[in-house]
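In: Give me a model of this one.
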Amino acid sequence: MSDEVNSSVQEFLDQLDDDSNSPEQVFSKNVKDYENDLYKKWFKSKSQSGFLSIRPWFQGMKFKIDIGKTSSDGKLISHTNLYVDAIDFAAYLRCIVLNTASIIYPANDYLGIPTSEGFASYGGAKIDGKPISRIFKAHHWKNGDVVDSNSYVWKTGHFAARVSPTGAFIPDMKSPLSTDSIKVTRQDISSISYLLDLSLNSYAANNQTWYEV
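Out: Predicted coordinates for the structure are as follows:
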C-alpha cells in the first residue's frame, strides 16, 4: 500500500476517533459524559496483545465498546470503537449468564453469526459526508471447525457504506476501514454482565425520567 493511501486511511481513522464525531457532542457539556471506563481488560498472548473497554453513554442509552491491539512494547497499533444498544446488549449478556442464550440467540447466517449464543449490532454515521457502517459481532470462538463454547470472539468493524432509501447504512464488507477483535471467556462475560446491570440499575434509580431518553 502506498504512503499516500496509508496517510489517507490514517487520517480517516483519526477522524473517527475524534471526540467531535462522537454522539456525546450533541448534548450539553454540563451532562455527565462518563469519562472513566466501566470495564477494561488488557490481554496478552504469544501472538498479540491489546485491550477491551466498555463505557456507558446513557444519554443515548448505549454502551461504547472499544477493542484495540498493542505492540510488544505497549504502543497502540490499532483500535476500533462503536456503540451498541444498552438494553439489547445487557439482555444478551444476561442470557449467557443464565444459560438461556442458546435458545434466545440461535445461529444466524443472515447476520453473519455462525454459532448459537451470538449477537450482532449494526449502526452507522456520516463522517465528512461519507457514510460509514459500524458493526459489532459476538459468537463462540472458533479454531478452524472446532468451536469453543466457553469462549467468545467479540469483533468491532468500520466499513465503507451506502445509505438505503430508508436511512439504513449498508456496509461494503469488501471495504473495511478498521477492524479489531478479542477473545472473551464465559467467566469474563459474567463479570461484564454484572457491571452492566449495576450501571443500568444505578442510572434508572437516579434518573426518574430515564424511560424518556
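In: quick one: buried residues of whichever strand or helix holds Phe43?
Out: Here Phe43, judged by DSSP states H and E, is contained in strand 39-44. Across strand 39-44, burial judged by 16 or more other Cβ atoms under 10 Å covers Tyr39. C-beta coordinates here come from the backbone N, C-alpha and C atoms, glycine included.
In: Quick one: list the elements packing against the helix or strand following it.
Out: Next along the chain after strand 39-44, taking DSSP H and E as the criterion, comes strand 49-57. Contact here means 3 or more Cβ pairs under 8 Å, 6 or more residues apart in numbering; DSSP states H and E; on that basis strand 49-57 packs against strand 39-44, strand 62-70, strand 76-85, strand 169-185, helix 186-206.
In: As JSON lines, these with mean pLDDT and distance to Lys155 would be great.
Out: Formatted as JSON lines, those follow (pLDDT from 0 to 100; distance: least, Cβ to Cβ, whole Å):
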{"stretch": "strand 39-44", "mean pLDDT": "91", "distance to Lys155": "15"}
{"stretch": "strand 62-70", "mean pLDDT": "95", "distance to Lys155": "8"}
{"stretch": "strand 76-85", "mean pLDDT": "94", "distance to Lys155": "9"}
{"stretch": "strand 169-185", "mean pLDDT": "94", "distance to Lys155": "4"}
{"stretch": "helix 186-206", "mean pLDDT": "96", "distance to Lys155": "15"}
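In: Of those, flag the one that's most buried.
Out: Ranked by mean neighbour count, the helices and strands packed on strand 49-57 are led by strand 62-70 with a mean of 21 (mean count of other Cβ atoms under 10 Å).
In: Leaving out chain neighbours, which residue sits closest to the spatially most central residue of the chain?
Out: With distances taken as Cα atoms, centre = their mean, Ile65 lies nearest the centre of the chain, 3.8 Å away. In this structure, Ile65 finds its nearest non-sequential neighbour in Ile54, 5.6 Å apart by Cβ to Cβ, 6 or more residues apart in numbering.
In: Beta-bridge partners for that neighbour, please?
Out: Per DSSP bridges, the residues bridged to Ile54 are Tyr39, Ile65.
In: Next up, the contacts around it.
Out: Contacts here follow Cβ atoms under 8 Å, 6 or more residues apart in numbering; on that basis Ile54 touches Asp37, Leu38, Tyr39, Lys40, Phe63, Lys64, Ile65, Asp66, Ile192, Leu195, Leu196.
In: one more time with 6 Å, if that's ok
Out: Shown in contact with Ile54 (Cβ atoms under 6 Å, 6 or more residues apart in numbering): Leu38, Tyr39, Phe63, Ile65.
In: which one of those sits closest to Gly74?
Out: Distances from Gly74 to the contacts of Ile54, taken as Cβ to Cβ, are shortest for Tyr39 (20.0 Å).
In: Tell me how far that closest one lies from Asp145.
Out: Distance, Tyr39 to Asp145, by Cβ to Cβ, to the nearest Å: 31 Å.
In: Having no further points to raise, I will conclude here.
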